[in-house]
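[1] attaching a predicted model along with its sequence, questions to come.
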2 protein chains.
Amino acid sequence: MNNIVGKTIEVIEEKELREKLGSIAEFTGAVYKIRKMSGFSFVIIRTARNLIQCVLDTSKCSYEELCENACVRIKGMVRKEERARAGFEIDILEVEILSQPAAESPVVINNKEVKASLETKLDYRPVTLRNHKERAVFKIQEGFINGAREFLRNQKFTEIHTPKIVFAGVEGGANMFSLEYFGKEAYLAQSPQAFKQMMVGVYDRVFEVGAVYRAEKHDTARHLNEYMGLDLEMGYINSFYDIMETETAMLQYSMAYLKDNYKEELELLSVSLPVVEEIPAISFQEAKEWIQKEFNREIADFYDFEPEEERLLCQLVKEKTGSEFIFVTHYPTAKRPFYAMEEENNKEVTKSFDLLFRGIEVTTGGQRIHDYHAQVEKMVARGMNPEAFESYLMLHKYGIAPHGGLGMGVERFTMSLLGKNNVREAALFPRDMNRLVP
Amino acid sequence: MNNIVGKTIEVIEEKELREKLGSIAEFTGAVYKIRKMSGFSFVIIRTARNLIQCVLDTSKCSYEELCENACVRIKGMVRKEERARAGFEIDILEVEILSQPAAESPVVINNKEVKASLETKLDYRPVTLRNHKERAVFKIQEGFINGAREFLRNQKFTEIHTPKIVFAGVEGGANMFSLEYFGKEAYLAQSPQAFKQMMVGVYDRVFEVGAVYRAEKHDTARHLNEYMGLDLEMGYINSFYDIMETETAMLQYSMAYLKDNYKEELELLSVSLPVVEEIPAISFQEAKEWIQKEFNREIADFYDFEPEEERLLCQLVKEKTGSEFIFVTHYPTAKRPFYAMEEENNKEVTKSFDLLFRGIEVTTGGQRIHDYHAQVEKMVARGMNPEAFESYLMLHKYGIAPHGGLGMGVERFTMSLLGKNNVREAALFPRDMNRLVP
């Protein structure tokens, strides 16, 4: 028997190399680019997060088998070089080739941008993501989630993982993917709504980062059929404004977190982080009327925004307040789900909100009905059969605090944050009506 | 327009109340238990993570509507009380009832244990999870994942989220759930294998915490059909021992993390954390022979362990070395997937391992083939059509570092860690052949 003791391999990148200025260092990476000069070559190495500029003296050794996308171990002298972006270069002493590609990249990935159509970029995703800018998108997405998670944990939220194979949708079955589950019909969850409400009865405050499935036949720049939801639900709220306050604080925290921990990627993609000191809130009806008045637009849909209206509202809010975010509150009851709580003095509207960011809706939230009888009554009024929701209604029947929550689409938020025009740019391996591969 | 500024509601629990000894405090929670005494009642309040003992002077005010599972806001004096577990009690001054249950709990949940069959516990999961011990299980699970995540981030792993709706399984379609996806046949991913290997080409080291689907018709105490996988994959390894070293270090870190941050839950469930100073490793063949010799057992399966053999092996290792973990290495090539790398000097075995913990397999891992031609050759030898794997093979074709990884079943690990007999005890809302609700 051997013994495994838990020793790890350190990843040496820009920061670690800078600490070794003037001495010899070893590190691994993939050859990103080779630029042949007279008598020497620049060899750019892609490490986990950086690009490291190395210099190979080709008059001494050419390493002919060295090519782009080869994976190598470099031994070299870390030399101060003011002209290099990192402030140093590596003079290569030895190269060990660890693996070789079988073919040249089908798309040029080592220029600043991948100059290809979105379709091509997605078809060759395992390769095009190797581009320094393409991969930075998902580091920022990781950073946003990490920031949100750290905030929520500080606020005593418990992270949960709920099943995605479900019996029936709390929000109905029309837009759900169905599958056969050992002889029964099952669905893919279109939100963790039921589970997160149940878990408020257990931990008071919960959140989940998980997949959400919508079988909607939307082929637009803003829809995915499988996406990542950041869902939270909290008990003991005084009103649904507490949910908006929590989301605002979460955004404040995660933007600061990105600034502190993902500086390099933010600079690389020229991201301007939004200011989130305060977020204005306006009622749905006021917003509709405002847009109508300012742009002389007829209202076509009295129950929801058209995408163009979301854009116009954000434009108005930005002009008037400087904010790139806007909460829209009190959506019509007719357009909100059966679990949405209505305003006591106006049953036509709900204690609900959406958050719009740079022209697009990124969050839906609100207060839920917590009283058992009120929930059963509303179900019946909507023609639903409460018996079919027996396990869901346990949370109300056996007591639950006043509560509410929200669901945020992570890819869509990332798209807006990075100023991308298509949500697919913010999904690692997007799933839409036409795309199932890779 | 209002302005939302990001103010949050503080959660007041045991720790915060202890800091207010001798003064008046306010907090919210659910009534867990009322114990009537002569002239007063003990009212136990369940907060997000604790149980708070309060005393209600019923000679002054009875609060007749106060019942178990009501959600309340308590105002009271924090009084030092040596006999109370927390070292203090709350003398109730005011109770505001925030919500009332519609019925009494169908299962007694406020004793130390929920005394009911597993079936009943699962049928009433939204209620039975409110038991202090039941909910502690998933706090510990959260803590294990958080510890592992913190470790992996320190080691420069990037967290990814990959799609669960896939075109075809890298490991074949027999045990996969299928669904109709806009007129095409799709499957639910039985592992993120292909994606995490692709992402090694992008970030060198990646991990994912996500759902894994197996349509296996196993109705046992150790199988779930939807479970949580902790998957990692890392490039630039020198051998598959580096993967085992990383897992060992991750376990060391996460056990220490649990000890530091989940002390209360560990004590509540009387969990003895395993010592992970070093983990012995033994080859599959040696292990088989050892068990055969020690227990006079005939070997029935030369390619895999029977569950009883896993149990016996762990027993032997514990007796001989004291370790509750054992790595078993070099599994037969015939039983490992097409992407497993074989030993150069013995093609019959792979550079692979399983980790066994307290009698059960909790991890499968190994080194993957990184050379394109070698991978295509092995596929062809297995009767697979490489053209059907074109997008998967991009990762090899366009160059990838020597790499490997592992997949761990989180519920199964939790089960072993907590000494549970059934993996369903470690799944919030388990999915098995017969259970799809709640």
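    The structure has been received and is ready for your questions.

[2] make it CA atoms for all contacts and neighbour counts henceforth
    OK.

[3] and stretch A:252-264, how far out from the chain's middle?
    Distance of stretch A:252-264 from its chain centroid, counting by Cα atoms, centre = their mean, to the nearest Å, is 14 Å.

[4] isn't A:Ile45 right up against A:Leu66?
    No - using Cα atoms under 8 Å, A:Ile45 is not in contact with A:Leu66, being 11.6 Å away.

[5] okay, those two: which has more neighbours?
    Set A:Ile45 next to A:Leu66 and count neighbours by other Cα atoms under 10 Å in any protein chain shown: A:Ile45 wins out with 27 against 17.

[6] pLDDT on the helix or strand harbouring that one, on average?
    If you go by DSSP states H and E, A:Ile45 is part of strand A:40-46. Averaging pLDDT along strand A:40-46 yields 97.

[7] return the set of buried residues in it.
    For strand A:40-46, a neighbour-count test (16 or more other Cα atoms under 10 Å in any protein chain shown) marks A:Phe40, A:Ser41, A:Phe42, A:Val43, A:Ile44, A:Ile45, A:Arg46 as buried.

[8] okay, now the sheet partners of that strand, with direction.
    Sheet pairing for strand A:40-46, assigned by DSSP bridges, gives strand A:24-36 (antiparallel), strand A:51-57 (antiparallel).

[9] let's have those in CSV, adding distance to B:Gln252 and mean pLDDT.
    Formatted as CSV, the strands paired with strand A:40-46 follow (distance: least, Cα to Cα, whole Å; pLDDT from 0 to 100):
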stretch, distance to B:Gln252, mean pLDDT
strand A:24-36, 26, 97
strand A:51-57, 32, 97
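
[10] nearest to B:Arg431, of those?
    Closest to B:Arg431 of these, according to Cα to Cα: strand A:24-36, at 41.6 Å.

[11] out of the buried residues of strand A:40-46, who's nearest chain B?
    Nearest to chain B among the buried residues of strand A:40-46 is A:Arg46, at 9.0 Å by Cα to the nearest Cα.

[12] residues of the longest helix along chain A that come out buried?
    Identified as the longest helix of chain A according to DSSP state H is helix A:132-154. Of the residues in helix A:132-154, A:132-152 count as buried by neighbour count, 16+ other Cα under 10 Å.

[13] so which of these are also by chain B?
    Within the set of the buried residues of helix A:132-154, contact with chain B (Cα under 8 Å from any Cα of the partner chain) is found for A:Arg135, A:Lys139, A:Glu142.

[14] can you list the domains in chain A?
    A:14-99, A:132-426 (automatic domain parsing).

[15] what ranges does chain A have for its helices?
    Under DSSP H, chain A gives helices at A:14-18, A:118-123, A:125-128, A:132-154, A:193-203, A:241-261, A:263-268, A:284-295, A:307-321, A:372-381, A:390-397, A:410-418.

[16] possible to save those helices as CSV with distance to B:Ser117?
    Formatted as CSV, the helices of chain A follow (distance: least, Cα to Cα, whole Å):
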stretch, distance to B:Ser117
helix A:14-18, 56
helix A:118-123, 50
helix A:125-128, 48
helix A:132-154, 33
helix A:193-203, 20
helix A:241-261, 38
helix A:263-268, 52
helix A:284-295, 49
helix A:307-321, 52
helix A:372-381, 27
helix A:390-397, 18
helix A:410-418, 40
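
[17] format those helices as JSON lines; extra columns: mean pLDDT and distance to B:Leu417.
    Formatted as JSON lines, the helices of chain A follow (pLDDT from 0 to 100; distance: least, Cα to Cα, whole Å):
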{"stretch": "helix A:14-18", "mean pLDDT": "98", "distance to B:Leu417": "37"}
{"stretch": "helix A:118-123", "mean pLDDT": "98", "distance to B:Leu417": "41"}
{"stretch": "helix A:125-128", "mean pLDDT": "98", "distance to B:Leu417": "37"}
{"stretch": "helix A:132-154", "mean pLDDT": "98", "distance to B:Leu417": "23"}
{"stretch": "helix A:193-203", "mean pLDDT": "98", "distance to B:Leu417": "22"}
{"stretch": "helix A:241-261", "mean pLDDT": "98", "distance to B:Leu417": "33"}
{"stretch": "helix A:263-268", "mean pLDDT": "97", "distance to B:Leu417": "39"}
{"stretch": "helix A:284-295", "mean pLDDT": "97", "distance to B:Leu417": "50"}
{"stretch": "helix A:307-321", "mean pLDDT": "97", "distance to B:Leu417": "50"}
{"stretch": "helix A:372-381", "mean pLDDT": "97", "distance to B:Leu417": "38"}
{"stretch": "helix A:390-397", "mean pLDDT": "96", "distance to B:Leu417": "29"}
{"stretch": "helix A:410-418", "mean pLDDT": "98", "distance to B:Leu417": "33"}
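
[18] quick one: which of the ones you listed is nearest B:Leu118?
    With Cα to Cα, the closest approach to B:Leu118 among those belongs to helix A:390-397: 16.4 Å.

[19] packing partners for that closest one?
    On a contact count with 3 or more Cα pairs under 8 Å, 6 or more residues apart in numbering or on different chains; DSSP states H and E, helix A:390-397 meets helix A:193-203, helix A:372-381, helix B:125-128.
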